[in-house]
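> dropping a prediction and its sequence here:
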Amino acid sequence: MLDDDAFKNFKVPRYEQVRWQIQKLLIKSKWTIEKPIPTELELASMYSVSVGTVRKAVECLVEDGLLIKQQGKGTFLKQPNFDSSLMRFFRLRNKQGNDVQPIGDVKKLSVVHAIPEINAKLNLSETDKLIHIERVRKNEDVVVLSEKIWLPESLFLSLKDVAIKNFGNLLYPFYYQQCGQFVSSAVEQLSFETNIQDQYLQNKITDPLVKVCRIAKSIEGTAIEYRESFGFAENFNYEISIH
């Protein structure tokens, strides 16, 4: 993200400047997803621009997936549904045969020394400590996904003071609530793995597993979480509609 000095050195369109200022406002004020952002008229007054310029800036942020408009209510910060994203790889059903979202359960949380390959994914120095979380996802009390999560200690230090039983079912809203870190986007890679035995899945070493690697990013585009999710290949499902 550009800083204030950059706008003095480059001919950036005015609506792009306003777009950046709105992002800056949301980041610094730790805006909640329940609270509408200021109206176009208020933003125009705040940044001394026309309503049309604000409208274009807001539309760009809507297209980016950062904001969402709700008819008659206003414009809100958008929390992407990453659980639905992961579930496109796994088809899980209850005993009645209905699709279900598994329930999250944090098993361990600890501060660990730097891990070179993880620190590189999070763009951290070789000495920066990490917070490591082990988490499972359950369907009717059966573990169906096992997750290993790494976070920069400097950004998520307050998580150490939270009892793991008090972690929310959805981690990304919980990160924002506890640490002010808003996950805005993510990049995922999928692979099939063998010769892995997971203590939570309790699989046989010969069982093929699906591995989903995710790097989650903040509004600013900074990597703030690296996650590896493992699930049984027999539950693998991928469906996409092409129009």
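Noted; the coordinates are in hand.
> quick check: what element follows the least confident helix or strand in the chain by mean pLDDT along the chain?
Lowest by mean pLDDT, DSSP states H and E among the helices and strands of the chain is helix 4-9, with a mean of 54. The helix or strand immediately downstream of helix 4-9 is helix 14-28, counting by DSSP states H and E.
> which other helices and strands does that next one contact?
Helices and strands touching helix 14-28, by 3 or more CB pairs under 8 Å, 6 or more residues apart in numbering; DSSP states H and E, are helix 40-47, helix 51-63. (Glycine included, C-beta is placed from N, CA and C.)
> leaving out sequence neighbours, find the closest residue to G168.
Nearest residue to G168, sequence neighbours excluded (CB to CB, 6 or more residues apart in numbering): F174, at 3.8 Å.
> name the SS class of that neighbour, please.
State at F174, reduced to three classes by DSSP: H, G, I helix; E, B strand; the rest coil: helix.
> if we can go back for a sec, JSON lines for the helices and strands packed on helix 14-28, including distance to Q71 and mean neighbour count?
Shown next, in JSON lines, are these (distance: least, CB to CB, whole Å; neighbours: other CB atoms under 10 Å):
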{"stretch": "helix 40-47", "distance to Q71": "15", "mean neighbour count": "15"}
{"stretch": "helix 51-63", "distance to Q71": "13", "mean neighbour count": "17"}
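> of those helices, which is nearest T32?
In terms of CB to CB, the element of these nearest to T32 is helix 51-63, at 16.4 Å.
> and the pLDDT for the spatially closest residue to K78 that is not a sequence neighbour?
Leaving aside its sequence neighbours, K78 sits nearest to I68 (CB to CB, 6+ apart; 4.1 Å). pLDDT recorded at I68 is 90.
> mind listing what the closest residue to Q181 other than its chain neighbours touches?
Leaving aside its chain neighbours, Q181 sits nearest to Y175 (4.7 Å; criterion: CB to CB, 6+ apart). Contacts were defined as CB atoms under 8 Å, 6 or more residues apart in numbering; by that measure Y175 touches 156, 181-183, 224-225.
> of the residues you listed, which is the most crowded?
Using other CB atoms under 10 Å as the neighbour test, the contacts of Y175 are led by E225, with 25 neighbours.
> how near is that one to V111?
Going from E225 to V111 by CB to CB, to the nearest Å gives 15 Å.
> go on, D198?
According to CB to CB, D198 stands 23 Å off from V111.
> so for the two, which residue has more residues nearby?
The neighbour count for D198 versus V111, taken as other CB under 10 Å, is higher for D198 (18 against 13).
> quick check: buried residues in stretch 25-42?
26-27, 31, 37, 40 (16 or more other CB atoms under 10 Å).
> who are the contact partners of the most centrally placed residue in the chain?
Closest residue to the average C-alpha location of the chain: V183 at 3.6 Å, with CA atoms, centre = their mean. V183 sits next to 80, 82, 172, 175-176, 216-218, 224-225 when contact means CB under 8 Å, 6+ apart.
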